[in-house]
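kindly generate the corresponding structure for this input.
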Amino acid sequence: MSGAPTTDGGTQVTGGTGGTTFSLLSSIGSDLSVSVSFNIARELLEGANDMQIGEDELIGLVLGFAMVAAAMQSRLSKALRDRQSRVVARARAEAEEVVAEMRAMGPSWIKQGELYVKEAERAALAKLQDRRSVLDFASLLVSICSRILIAISIQLLAASVRAQQQSRVVRTVSLVGLAVFFVFVESLSNRIVG
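This next block holds a predicted model:
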């Protein structure tokens, strides 16, 4: 996501104000996420010790909340896709009515009618993207909460590994294994099944 190219008339542009600003904000967000999640995890561990809650229970609770947030995010994403499908279907139906009148004028208008329908769908999607709703805000908020909860879970697991293993080599191997596991899970979650 960092340094994602922007388009300017169909040409990919990675520099400029938009690309540089996006890259800078993205890297700041990553650094902030790691440092904040580390501090939140430490506070949670201290709070769990004060309330006599075990580390395993705390990790289970945070992972449970992360799963609930992920399920909410999935539901909100489906609602957003359904809304997008409804808007495109409505635009297509309205364009088809106009195209039916165009086809009555003769066969030369058939190709223009198809282009008109595609343009109507594209315009409806562009208009929808310009309008943000409460659903979009809720999806963004749940997505942020989900990412923070996952980051806290990783920090808690890493702290648990460090506390339970006496050998430095075993701790290092365990932490590398933990990192590889979560990178693997993230890469699987970002794949598009088609």
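
which residues does the residue most central in space within the chain contact?
Closest to where the C-alpha atoms of the chain average out (C-alpha atoms, centre = their mean) is S143, at 6.1 Å. Going by C-beta atoms under 8 Å, 6 or more residues apart in numbering, S143 touches Q73. For the C-beta atoms, the positions are set from N, CA and C on the backbone; glycine is no exception.

again, but for L156
L156 neighbours (C-beta under 8 Å, 6+ apart): A41, L44, L45, E55, L58, I59, V62.

the third one should be in a helix, yeah?
Yes - according to DSSP: H, G, I helix; E, B strand; the rest coil, the state of L45 is that of a helix.

share the number of residues neighbouring it, please.
Neighbours of L45 under the rule other C-beta atoms under 10 Å: 19.

mind listing what it touches?
With contact taken as C-beta under 8 Å, 6+ apart, L45 is in contact with E55, L58, L156, A159.

which two of those residues have the greatest separation?
Greatest spatial distance among the contacts of L45 (C-beta to C-beta): L58 and A159, at 9.9 Å.

when those two are compared, which one has more neighbours?
L58 (22 against 18).

so how far is the longest helix seen in the chain from its chain's centroid?
In the chain, taking DSSP state H as the definition, the longest helix is helix 55-104. Relative to its parent chain, helix 55-104 has a centroid offset of 13 Å by C-alpha atoms, centre = their mean, to the nearest Å.

which parts of this structure are strands?
Using DSSP state E, the strands of the chain run over 6-8, 11-13.

report the rounded mean pLDDT for the first one.
Per-region confidence: strand 6-8 scores 44 on mean pLDDT.

with the last one instead?
pLDDT averaged over strand 11-13 equals 45, rounded to a whole number.

ditto for stretch 84-104
The model assigns stretch 84-104 a mean pLDDT of 80.
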